[in-house]
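Chemist: return atomic coordinates for the entry below.
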Amino acid sequence: MKRTISTILLCGSLLMLPGTVFSFDGPLQVKNQFPLFLSLDPPFLESSPVRDSVSVSVSHSSVYVTESSQFWTVNMDLELTELAVRLKKKIGGRSEIGLDVPFLRPTEGFLDRPLESFHDTLNTGDYGRHERPYNTFLYEVLRQGRPVILPEAGKAGVGDVRLTLKREVSDGLPLVSIMGSLELPTGDAKGGYGNGSYDASLAVLVDIEFGKSYRGYGNAGAVFPGALKGYETVPMRTCYYGGFGVEAAWWERFSVIVQTLVATSPYPDTGIRQVDWPGILLVVGGRYSFGSSSLEFSLTEDPDTAGAPDFILNVTGTITF
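Modeler: The predicted structure is shown next:
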C-alpha cells in the first residue's frame with residue numbers, strides 16, 4: 001500500500017510540470033499478464049485513431065499465489081516472459097484491422113531475492129513468497145482435486161492470436177471509436193498458453209485533449225471468453241473493464257504516461273480472492289519518439305494484490321508508417 005501511495009503522489013506531482021507539445025502516440029501497450037487471465041482476451045488500453053504500425057513488446061512479470069478453497073486449488077510461483085508482435089493496418093480513412101501474436105515462456109525466474117529485499121525495505125507484504133524456496137517453479141490449477149492447467153517450466157509456446165477491427169465514429173476531439181476483437185484458440189490450453197476456445201470483445205475508445213500538452217484516453221468494454229478447455233472444461237463468464245490514462249508531452253520527443261485499467265474476473269466463483277476479485281493495473285512509464293519510430297517502457301503494479309501480477313516490466317518498440 002505504501003508503495004502504491006508513493007507512486008500515485010509522484011505521478012500527481014509530475015503532472016503539474018509545464019511542457020511543450022510534440023506528439024501523442026496513445027497509451028502504453030500493457031496487458032494483464034496474470035496467467036489465468038492471459039489466455040482470455042485480456043484488454044489493452046487503446047487509443048481511438050486508426051494507424052499503420054508494427055510493434056514488438058517484451059514483458060516480464062512475477063506472480064505468486066498459493067491458495068485453496070472448497071473446490072479449487074491455485075498454486076503459482078513463477079515469472080512469465082512474453083514477446084508480442086502487433087500489426088495494425090488502416091482500411092480507408094477511418095477503419096483499422098489488427099493482428100496480435102504472443103509468445104509465452106513461464107519460468108522459475110531469478111527475482112525472488114531482490115523482491116524480498118524490496119518488500120523488506122518498504123515494509124510491505126510479499127504475498128507469502130518467503131514460505132517457498134527461492135526461484136522454484138510452481139504452476140498448477142486444480143478443480144475438485146483434478147488438474148485443469150499443468151504447465152512446464154521453461155517451455156516456450158505461442159499464445160492465442162488476436163484479430164481486431166477498429167472504426168472511428170466521430171471527427172475531431174473528443175475522438176470516439178468502436179473496437180472489436182476475436183481471439184483464436186492457437187495456444188495449448190493444458191499448458192496455460194491458451195484456453196482452447198474462441199474469445200471476443202467489444203469496447204468504446206475515447207481520446208480527449210487537455211490543453212496543448214496533455215491528452216486523455218478512456219476505454220470501456222466487455223470480454224466474452226469461451227470455455228477453458230484444459231485437462232477439464234471450465235465455462236467462463238463475461239467480464240467487464242474500464243480504464244483511463246493521461247499522456248503528458250512535456251518535452252520535444254519524450255512524454256510521460258500514467259494509466260490504469262480495471263477488469264472483473266472471467267472465472268466462475270472459485271472462493272479464492274486472487275482469482276475472484278477484479279484485477280487492477282496501475283501503469284507508469286514513458287515514450288521516446290524519433291522520426292516515425294518510438295520506444296516506450298513502463299512499470300505496472302497491482303494495487304489490490306488480486307487478479308494481476310506483483311509487477312510487470314514492459315519495453316515496446318513501434319514503427320509507424
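Chemist: tell me what the longest strand seen in the chain is packed against?
Modeler: Of all the elements of type strand in the chain, the one with the most residues (DSSP state E) is strand 72-91. When contacts are defined as 3 or more Cβ pairs under 8 Å, 6 or more residues apart in numbering; DSSP states H and E, strand 72-91 sits against helix 35-38, strand 53-68, strand 95-107, strand 138-143, helix 273-276. Heads up, the C-betas are built off the backbone N, CA and C, glycines and all.
Chemist: can you check what angle separates the longest one from strand 72-91?
Modeler: Taking axes from the mean of the first three to the mean of the last three Cα atoms, to 10 degrees, strand 53-68 and strand 72-91 form an angle of 170 degrees between their directions.
Chemist: which strands and helices sit next to strand 53-68?
Modeler: When contacts are defined as 3+ Cβ pairs under 8 Å, 6+ apart, strand 53-68 sits against strand 72-91, helix 273-276, strand 311-320.
Chemist: quick one: strands adjacent to it?
Modeler: Each strand that pairs with strand 53-68, with its direction, by DSSP bridges: strand 72-91 (antiparallel), strand 311-320 (antiparallel).
Chemist: next, count neighbours for residue 99.
Modeler: Residue 99 has 13 neighbours, counted by other Cβ atoms under 10 Å.
Chemist: likewise for residue 152?
Modeler: A total of 11 residues lie near residue 152 under the criterion other Cβ under 10 Å.
Chemist: about what we covered before: give me whichever of the helices and strands packed on strand 72-91 is most buried.
Modeler: helix 35-38 (a mean of 24; mean count of other Cβ atoms under 10 Å).
Chemist: ok, then the element right after the helix or strand containing residue 167?
Modeler: Counting by DSSP states H and E, the secondary-structure element that holds residue 167 is strand 162-168. Downstream of strand 162-168, the next assigned helix or strand under DSSP H and E is strand 175-183.
Chemist: hey, C-alpha coordinates of that following strand in CSV?
Modeler: Output in CSV follows, covering the C-alpha atoms of strand 175-183 (Å, rounded to 0.1, in the frame of the first residue of the first chain):
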residue,chain,number,x,y,z
LEU,A,175,-12.4,11.3,-31.0
VAL,A,176,-14.6,8.2,-30.4
SER,A,177,-14.0,4.7,-31.9
ILE,A,178,-15.6,1.3,-31.6
MET,A,179,-13.3,-1.7,-31.4
GLY,A,180,-14.0,-5.4,-31.6
SER,A,181,-11.7,-8.4,-31.3
LEU,A,182,-11.7,-12.1,-31.9
GLU,A,183,-9.1,-14.3,-30.2
